[in-house]
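Undergrad: After the sequence you'll find the predicted model.
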There are 2 protein chains.
Amino acid sequence: MGKDKKCSPDMEDYLETILVLKRKNKVARVRDISQSMHVKPPSVASALHTLSRDGFVIHESYGYVDLTSEGEKLAKMIQKRHEMLNKFLREILCINPKTAAEDACRMEHAISQETSKKLTKFLEFVQTCPDSDRPDWLKSFDHYFKTGKRLKCKIQEMKQKGNL
Amino acid sequence: MGKDKKCSPDMEDYLETILVLKRKNKVARVRDISQSMHVKPPSVASALHTLSRDGFVIHESYGYVDLTSEGEKLAKMIQKRHEMLNKFLREILCINPKTAAEDACRMEHAISQETSKKLTKFLEFVQTCPDSDRPDWLKSFDHYFKTGKRLKCKIQEMKQKGNL
DNA sequence: TAGATATGTTAGATTTACTTAACAAATAAA
DNA sequence: TTTATTTGTTAAGTAAATCTAACATATCTA
């Protein structure tokens, strides 16, 4: 029972950023964190103090920033949620990419594990749909959203005709 | 162009609570707000000061709390989102009610207007589904979530058999 | 109507996250 | 290898949102 440590949404954002920077640049530095998060370097310093105190990052003065295993675990979870929500918003709901990115960024701190898992599976369910890129029922929703009107689906038609 | 005023998530929660209390009790009082939000009365006083200053509530010392039209507009929007998200989580994703309520409470401050509208329509689309309480594709997802396996849907079967 | 109880307010402190300004260390360039 | 530039830190202050303690007002009840 690895009593998963927690931190504030703000600190979660720092962890996620550090993870992303490490992936992109091999290392994470204060200045890069500062720039990607649009905060000033002292804010980063302060956050790193907190995160270090709470066992999420390792940071020696003037050195690179690294994640502890706890920190990495949390960061990866947040990052996965971020990706998943982004996909859900763009690919299922067809939200415009900019808005989807912004929403995902906030939603990632708002949802429970249970909801996260369900949405992940839902996305997987849609994406592994065999009959086409976008399943018929989603196309049907697209039409409903645009026109407010329901298309009768094939099955219903056939039920009416007595073929099923 | 009524340049919709905004406020922080915390203040949004106060507005929503005031709206709900007014509906339930006809009036909203500091003590009731305090109790439903699980904060102490001085926190409410402080919040009311801010909300009053920013034109969202009207509050005379020792009197009832009321919403301005701006405040009511915002409160109603938040409340609708809350309800919608709650329904979405419970009825589409089958999240357990307690978790759904908690998630909705946080998500209502995280989503854009665009996402809110899309989700609302999506819910409406599912709920006005004519063929059953829960459309076939959602039942199919339920099965996928439980077993990890896809059921072939009727249409596919027929396509294979050459009936469509 | 006077005292007791419930409700509301103010003052002051704490926490979190941010800022600017001043300084320190590290790196790059002359 | 000195100087200049970039990067990082510390100090001090601001703004939300919360709390406790002390006080004020309102309402209920004897």
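TA: Nice, I can see it. Residues are numbered from 1 along each chain as shown, chains lettered A, B, ... in the order given.

Undergrad: just the CA coordinates of the lengthiest helix in chain A, formatted as PDB?
TA: Looking across chain A with DSSP state H, the single longest helix is helix A:69-87. C-alpha atoms of helix A:69-87 as PDB (Å, rounded to 0.1, in the frame of the first residue of the first chain):
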ATOM      1  CA  SER A  69      10.400   8.200  -7.800                       C
ATOM      2  CA  GLU A  70       7.300   9.600  -5.900                       C
ATOM      3  CA  GLY A  71       7.500  12.800  -8.000                       C
ATOM      4  CA  GLU A  72       7.900  10.900 -11.200                       C
ATOM      5  CA  LYS A  73       5.000   8.700 -10.400                       C
ATOM      6  CA  LEU A  74       2.800  11.600  -9.700                       C
ATOM      7  CA  ALA A  75       4.100  13.600 -12.700                       C
ATOM      8  CA  LYS A  76       3.400  10.700 -15.100                       C
ATOM      9  CA  MET A  77      -0.100  10.200 -13.800                       C
ATOM     10  CA  ILE A  78      -0.900  13.900 -14.300                       C
ATOM     11  CA  GLN A  79       0.700  13.800 -17.700                       C
ATOM     12  CA  LYS A  80      -1.300  10.800 -18.800                       C
ATOM     13  CA  ARG A  81      -4.500  12.500 -17.600                       C
ATOM     14  CA  HIS A  82      -3.500  15.600 -19.500                       C
ATOM     15  CA  GLU A  83      -3.000  13.600 -22.700                       C
ATOM     16  CA  MET A  84      -6.100  11.600 -22.300                       C
ATOM     17  CA  LEU A  85      -8.300  14.600 -21.600                       C
ATOM     18  CA  ASN A  86      -6.900  16.400 -24.500                       C
ATOM     19  CA  LYS A  87      -7.700  13.500 -26.800                       C
END
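
Undergrad: So is it next to DNA strand C?
TA: No - counting by CB under 7 Å from any atom of the strand, DNA strand C has no neighbours in helix A:69-87; the shortest distance is 13.6 Å. In short, each C-beta sits where N, CA and C put it, glycine included.

Undergrad: Does that helix reach chain B?
TA: No - no part of helix A:69-87 sits near chain B under the criterion CB under 8 Å from any CB of the partner chain; the closest distance found is 9.6 Å.

Undergrad: What is the subsequent helix or strand relative to that helix?
TA: Downstream of helix A:69-87, the next assigned helix or strand under DSSP states H and E is helix A:97-107.

Undergrad: now the end-to-end length of stretch A:58-70.
TA: 11 Å (CA to CA, to the nearest Å).

Undergrad: who's in contact with it?
TA: A:5, A:15, A:18-19, A:22, A:27-30, A:33, A:48, A:51-52, A:55-57, A:75 (CB atoms under 8 Å, 6 or more residues apart in numbering or on different chains).

Undergrad: re the thing from before, so for the longest helix of chain A, what gets flagged as buried?
TA: When neighbours are counted by 16 or more other CB atoms under 10 Å in any protein chain shown, the buried residues of helix A:69-87 are found to be A:70-75, A:77-79, A:81-82, A:84-87.

Undergrad: Closest one of those to chain B?
TA: Set against chain B, the nearest of the buried residues of helix A:69-87 by CB to the nearest CB is residue A:85 (9.6 Å).

Undergrad: contacting residues around that closest one?
TA: Contacts of residue A:85 (CB under 8 Å, 6+ apart): A:103, A:104, A:107, A:108, A:111, A:119.

Undergrad: how about stretch A:32-48: buried residues?
TA: Those would be A:32, A:33, A:34, A:36, A:37, A:39, A:43, A:44, A:47, A:48, for stretch A:32-48 by 16+ other CB under 10 Å.

Undergrad: do stretch A:139-154 as well
TA: Buried, per 16+ other CB under 10 Å, within stretch A:139-154: A:140, A:141, A:144, A:145, A:153.

Undergrad: Is the fourth one in contact with residue B:114, as I believe?
TA: No - using CB atoms under 8 Å as the test, residue A:145 is too far from residue B:114 to be in contact (11.6 Å).

Undergrad: Can you pull out the low-pLDDT segments for chain A?
TA: Chain A contains residues with pLDDT under 70 at A:2, A:153-164.

Undergrad: for it, what spans make up the helices?
TA: Using DSSP H, helices in chain A cover A:9-25, A:30-37, A:41-53, A:69-87, A:97-107, A:113-127, A:136-147, A:154-161.

Undergrad: near DNA strand D, which residues of chain A?
TA: Counting by CB under 7 Å from any atom of the strand, chain A sits next to DNA strand D at A:29-32, A:34, A:41-42, A:44-46, A:48, A:59, A:61-63.

Undergrad: Tell me the one among those residues nearest to chain B.
TA: Checking the residues of chain A next to DNA strand D one by one against chain B (CB to the nearest CB), the nearest turns out to be residue A:46, at 20.8 Å.

Undergrad: Regarding stretch A:92-112, how distant is the last residue from the first?
TA: One end of stretch A:92-112 sits 20 Å from the other (CA to CA).

Undergrad: Stretch A:20-29 now?
TA: Taking CA to CA, stretch A:20-29 runs 12 Å from one end to the other.
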